[in-house]
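**Student:** fold the following and give me the result.
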Amino acid sequence: MKAIIFGANGQDGYYLSEACRKRQIEVIGISRSGPWIHGDVSSPEIVEKLIRTHQPAMIFHLAAESTTKHDAIYENNATIGTGTINILESVKRWSPCSKIFIAGSGLQFANKGQPLSETDPFDHGSAYVATRNYSVYLARYFRNIGTKTYVGYLFHHESPLRGEQYICQKIAKATRRIAEGSEELIELGDISVRKEWTFAANVAEGIMTLLEQDQVFEATIGSGCAYSIEDWLNECFNLINKDWKDYVRRQNNFEAEYKLLVSNPATINSLGWHADTTLAALAKIMLSH
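**Tutor:** Predicted structure coming up:
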């Protein structure tokens, strides 16, 4: 049994690769960088050749430019939008038994400060969100004509593989340096913002749980637990026995994109999956890596 992972070089690609190998599934990783087969999901020729050749049981489309900035509109359209079409059409033509996972985002939903589920209405607040929504509608269309397409809406999930542009890793790495004697200050905006801090390895297992279903095809995949940035600061600095207030400088005139972004994971929970890594455990993982 084989699985193709487009976007294999990111944190999700790593943990999904591990989840596949645990199930004795051979992984064929595709990425524009890293120690994988070099390829671009926006190329129909590359995607068709891979799917026609390997006839995979599963295909994961994780490739994306993870930014909501308008400047990335062409990149997002090529990778998320065109990439989704390339995968779906190639499966329809050459590997109709393949199951396809399309990564979605919690940002796609109209956020009114309540937990979000896969049945909530979509938003259109950024080019990134618009393209993600387009990929979901494509998945639903192909599902209606017989292709096994799944969508998992992912909320914030973290690991030591995160880049330092993400707030979780920014704080974790700075905390480690401070523990080693650094006197740096961490510049932060609104630390009351609450979101999920789910361990990425747990989320990978949630994705695999979804693909094991034959009746459920879309689900929000997250812990359903919201913590503030201040909570994360407390967990990290407690591990080094220091007060974060001595090492944080607040940014003036910072306006957060949202105050709360959290999932309602009732559907995926009903299938037997639950995120089981606590915030304290995740902080230990991040700081000890």
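
**Student:** which residues are contacting stretch 132-144?
**Tutor:** If you take Cβ atoms under 8 Å, 6 or more residues apart in numbering as the criterion, stretch 132-144 is touched by 61, 80-81, 84-85, 88, 91-92, 100, 102, 104-105, 107-108, 122, 124, 149-151, 217-218. In this view, the C-beta of every residue, glycine as well, is placed from N, C-alpha and C.

**Student:** which parts of this protein are helices?
**Tutor:** 11-22, 44-54, 73-76, 83-94, 127-144, 167-179, 200-211, 229-238, 266-270, 279-288 (DSSP state H).

**Student:** of all those, which one comes closest to Glu118?
**Tutor:** Of all the helices of the chain, helix 266-270 sits nearest to Glu118, with 6.3 Å by Cβ to Cβ.

**Student:** re the thing from before, so can I have JSON lines of the helices of the chain showing mean pLDDT and mean neighbour count?
**Tutor:** Listed next are the helices of the chain as JSON lines, based on pLDDT from 0 to 100; neighbours: other Cβ atoms under 10 Å:
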{"stretch": "helix 11-22", "mean pLDDT": "97", "mean neighbour count": "20"}
{"stretch": "helix 44-54", "mean pLDDT": "98", "mean neighbour count": "17"}
{"stretch": "helix 73-76", "mean pLDDT": "90", "mean neighbour count": "17"}
{"stretch": "helix 83-94", "mean pLDDT": "98", "mean neighbour count": "21"}
{"stretch": "helix 127-144", "mean pLDDT": "97", "mean neighbour count": "19"}
{"stretch": "helix 167-179", "mean pLDDT": "97", "mean neighbour count": "20"}
{"stretch": "helix 200-211", "mean pLDDT": "98", "mean neighbour count": "22"}
{"stretch": "helix 229-238", "mean pLDDT": "98", "mean neighbour count": "20"}
{"stretch": "helix 266-270", "mean pLDDT": "98", "mean neighbour count": "17"}
{"stretch": "helix 279-288", "mean pLDDT": "97", "mean neighbour count": "18"}
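
**Student:** got CSV for the ones you listed, with distance to Asp190 too?
**Tutor:** Formatted as CSV, the helices of the chain follow (distance: least, Cβ to Cβ, whole Å):
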stretch, distance to Asp190
helix 11-22, 25
helix 44-54, 41
helix 73-76, 26
helix 83-94, 33
helix 127-144, 21
helix 167-179, 11
helix 200-211, 24
helix 229-238, 8
helix 266-270, 29
helix 279-288, 19
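
**Student:** of all those helices, which lies closest to Ser117?
**Tutor:** Taking these one by one with Cβ to Cβ, helix 266-270 is closest: 6.6 Å.

**Student:** which ones among the contacts of stretch 132-144 are found in strands?
**Tutor:** Using DSSP state E, the subset of the contacts of stretch 132-144 located in strands is 61, 100, 102, 104-105, 149-151, 218.

**Student:** just the closest of those residues to Thr277, please.
**Tutor:** When the ones in strands among the contacts of stretch 132-144 are compared against Thr277 (criterion: Cβ to Cβ), the nearest one is Ser105, at 20.5 Å.

**Student:** so how far is Ile285 from the residue nearest to that closest one when sequence neighbours are not counted?
**Tutor:** Closest residue in space to Ser105, ignoring its immediate chain neighbours: Arg132 at 5.5 Å, by Cβ to Cβ, 6 or more residues apart in numbering. The gap separating Arg132 from Ile285 is 28 Å, by Cβ to Cβ, to the nearest Å.

**Student:** same question, Gln213
**Tutor:** Distance from Gln213 to Ile285, by Cβ to Cβ: 29 Å.

**Student:** kindly report the same for Trp197.
**Tutor:** The gap separating Trp197 from Ile285 is 11 Å, by Cβ to Cβ.

**Student:** go on, Asp12?
**Tutor:** When Asp12 is compared with Ile285 (using Cβ to Cβ), they lie 16 Å apart.
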